[in-house]
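S.K.: got a structure for you, letters missing:
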Ligand SMILES: CC[C@H](C(=O)O)C(=O)SCCNC(=O)CCNC(=O)[C@H](O)C(C)(C)COP(=O)(O)OP(=O)(O)OC[C@H]1O[C@@H](n2cnc3c(N)ncnc32)[C@H](O)[C@@H]1OP(=O)(O)O
């Protein structure tokens, strides 16, 4: 299976399980996200959703280029981008706290997934960045919009997007993208992080999330995300993007 869903106590753990592709997102993983989000929204006994990746090397390497490179037109790109964009909006607007347990590299759409979560616990070897720019596109699942909502300094947020490169954990901590940097076992780091949170009645957590969701509704977050996705779809059609993806795919074969 390209994903795993585990429900222990009040925690639902969603693991992207494609280590051989550095946990790249394909349609099966998107289906898994839809499944876990539906599961959580139908229950009252889930206190946290945690997203992580299989293995130690990567949290998620974004869209699966070997699959999505076949999307050539703006419309084809928009269909895929908006599908994952809706999934991340559903994730970001869950009424419970969401945690990205960043066990390794989070790049491209992988960095968008982590940014769509409320908290980011980052392994000290993990490099994270919005590398979409190296493929002549922008973030396309809402990640740029979520980043600008996270309260980082405006110039740090914009530079992280425009740099289009993976940042070290020192930099991720310095700009405030990383909630916490950890060494060693990720599940131990998770337990430490939620120890205090889980001692507080869940109704308090959902009440605080309601404040965030109210603000996003008043500030038309959904509409702004859809505009981001439309822009990415438009850029997707460019020759520069298709050449950059081809270069990645052939470089890998040639190595
Ligand atoms: C809006 C989101 C947007 C989208 O596509 O929808 C994006 O996410 S754009 C960004 C797409 N992602 C990338 O460009 C990242 C590409 N991958 C890498 O930069 C590296 O693989 C990295 C840093 C994640 C890990 O590097 P490492 O040296 O540890 O591993 P390898 O590069 O040797 O990769 C191992 C293996 O995995 C395959 N792989 C990795 N990432 C992807 C991917 N995103 N799509 C498809 N396949 C991927 C890579 O080709 C290797 O496969 P192999 O068959 O062993 O050659």
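M.R.: Happy to help now that I have it. As the structure is a computational prediction, the values presented were derived from the model and not from experiment.
S.K.: wait, what's in contact with residue 238?
M.R.: 136, 137 (C-beta atoms under 8 Å, 6 or more residues apart in numbering). Bear in mind the C-beta positions are built from the backbone N, C-alpha and C, glycine included.
S.K.: cool, residue 80 as well?
M.R.: Residue 80 sits next to 63, 68, 71 when contact means C-beta under 8 Å, 6+ apart.
S.K.: Got phi/psi on it?
M.R.: When read as degrees, to the nearest 10, the backbone of residue 80 gives phi -70, psi -50.
S.K.: Tell me how many other residues crowd residue 170.
M.R.: 10 (other C-beta atoms under 10 Å).
S.K.: re earlier: which among the contacts of residue 80 gets closest to residue 206?
M.R.: residue 63 (31.4 Å; C-beta to C-beta).
S.K.: check contacts around the closest residue to the closest one other than its chain neighbours.
M.R.: Take residue 63 and drop its neighbours on the chain: the residue closest to it by C-beta to C-beta, 6 or more residues apart in numbering is residue 109, 5.0 Å away. For residue 109, the contact set (C-beta under 8 Å, 6+ apart) comprises 25, 60, 62, 63, 84, 132, 139, 140, 141, 143.
S.K.: rerun at 7 Å
M.R.: When contacts are counted by C-beta atoms under 7 Å, 6 or more residues apart in numbering, residue 109 touches 25, 60, 62, 63, 84, 141.
S.K.: Now do it against the ligand, distance only.
M.R.: As for residue 109, its distance to the ligand is 3 Å (criterion: C-beta to the nearest ligand atom, to the nearest Å).
S.K.: which stretches of the stretch 51-200 of the chain form helices?
M.R.: 65-68, 74-92, 109-116, 143-147, 154-163, 169-175, 186-197 (DSSP state H, counting those that start in this stretch).
S.K.: buried residues in the second one?
M.R.: Within helix 74-92, the residues that count as buried by 16 or more other C-beta atoms under 10 Å are 74, 77-78, 80-92.
S.K.: Report the mean per-residue pLDDT for it.
M.R.: Per-region confidence: helix 74-92 scores 98 on mean pLDDT.
S.K.: Please apply the same query to the shortest one.
M.R.: Predicted confidence along helix 65-68 averages 94 (mean pLDDT).
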